[in-house]
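Trainee: curious how this folds, go ahead:
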Amino acid sequence: MVYRKRNKTGIIVREQRAEPLYQVLADSILGQVRSGELQANERLPSESELCRHYSVGRNTVRRAISELVNEDVLRTVPGVGTFVVDNRLEKTAEYLLGFTQEMNLHKKRVTSKVLEAKIISADAFLSRRLQIQLGADVIFLYRIRYLDGEPTAIERSYVPHDLCPGILKHDFSTDSLYETLSTVYGKIPDHAEQVIEASLATPEVAQLLNLTPPAVVFVFHRETRMASGQVIEYVDSELRGDHFRFYANLRLQSSQGEFAFKRLPLKVEV
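Mentor: Down below sits the predicted model:
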């Protein structure tokens, strides 16, 4: 059967295909969403504009939009228009949760690929971060984290070896690091200090996460402590910027005059 598809100029041309025309149009719109040409919450052109642009009928446009609405790619607001659905996951900045635990709350299947798992010696930087002696043994765990089979994050975790001897016997392609520390070694994460910044992905990170440069990632630096205050882990990680947005519930608990960051106290001139 003869169908048509969109050519490089945006016009849908006739060719021999096995797909109906509405599906070709739906695939074209989906491709624009995945490439970032159509952004989250962006309004699509009207039905008449889509008909003119793609040289198709109104029923074809409506069927294509209906298919993408059913796939949770688009949403239609009666009397307003059709918009790209924002499918980024909300990641909390309030609670200390392991990646696996937090993503399971979103009903996402988490798997990992271990790139490196070994014992290294603490350099000056790790000695300060982990509050251990220079040259002490440190567990280094370097993983790609997948959500429903898609590479989504990279984690480089550093853990004092004295706290968890033999931990590398565990398979961290499937096991949770926090759960293993808690249940096997009795080292329970209690609180953490975390810095989050946006950055462009390095060539290595872009390749591991299947990103097309230039691409934005969220970069995390976190020190996690037990209730005693002892540092149990330091982690550097990068998360895909197109997969997450951050949520925090903020409250003013003191007067503005009393407010100051703990990490960078404000110096007040008297």
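
Trainee: measure the closest residue in space to D137 that isn't next to it in sequence to S176 for me?
Mentor: Spatial nearest neighbour of D137, excluding adjacent residues (CB to CB, 6 or more residues apart in numbering): H161 at 3.7 Å. Placement of C-beta: from N, CA and C, glycine included. Remark: distance between H161 and S176 (CB to CB, to the nearest Å) = 19 Å.

Trainee: likewise for I188?
Mentor: Separation of I188 from S176 (CB to CB) stands at 13 Å.

Trainee: compare these two (neighbour count), which wins?
Mentor: For I188 versus S176, neighbours defined as other CB atoms under 10 Å are more numerous around S176 (18 against 12).

Trainee: ok, that one to L141 distance?
Mentor: With the distance defined as CB to CB, S176 ends up 12 Å from L141.

Trainee: mean confidence score for stretch 180-191?
Mentor: When pLDDT is averaged over stretch 180-191, the result is 93.

Trainee: mind starting the numbering at 24 from now?
Mentor: Got it, first residue is 24 now, which makes that one stretch 203-214.

Trainee: restricting to C-alpha, output it in CSV.
Mentor: The C-alpha coordinates for stretch 203-214 follow below in CSV (Å, rounded to 0.1, in the frame of the first residue of the first chain):
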residue,chain,number,x,y,z
THR,A,203,24.1,-3.4,51.9
LEU,A,204,25.8,-1.0,54.3
SER,A,205,22.7,-0.9,56.5
THR,A,206,21.6,-4.5,56.6
VAL,A,207,25.0,-6.3,56.3
TYR,A,208,27.4,-4.0,58.1
GLY,A,209,25.0,-2.1,60.4
LYS,A,210,26.3,1.2,59.0
ILE,A,211,23.1,3.2,58.5
PRO,A,212,23.1,6.5,56.6
ASP,A,213,21.5,9.2,58.7
HIS,A,214,22.2,12.6,57.2
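
Trainee: which residues are in contact with whichever helix or strand A176 is part of?
Mentor: Per DSSP states H and E: A176 is located in strand 173-183. Strand 173-183 is contacted by residues 122, 149, 152-153, 155, 159-169, 190, 200, 204, 228, 231-233, 254-263, 266 when judged by CB atoms under 8 Å, 6 or more residues apart in numbering.

Trainee: now the strands: where do they sit in the stretch 74-223 of the chain?
Mentor: 97-100, 104-107, 112-115, 133-144, 160-170, 173-183, 214-223 (DSSP state E, counting those that start in this stretch).

Trainee: of all those strands, which one is nearest E72?
Mentor: Closest to E72 of those is strand 104-107 (CB to CB; 10.7 Å).

Trainee: surely the residue nearest to D160 meets V161?
Mentor: Yes. If you go by CB atoms under 8 Å, H184 and V161 touch, sitting 6.0 Å apart.

Trainee: which sections of the stretch 174-293 of the chain are below the confidence cut-off?
Mentor: Across the stretch 174-293 of the chain, the ranges flagged by pLDDT under 70 are 267-293.
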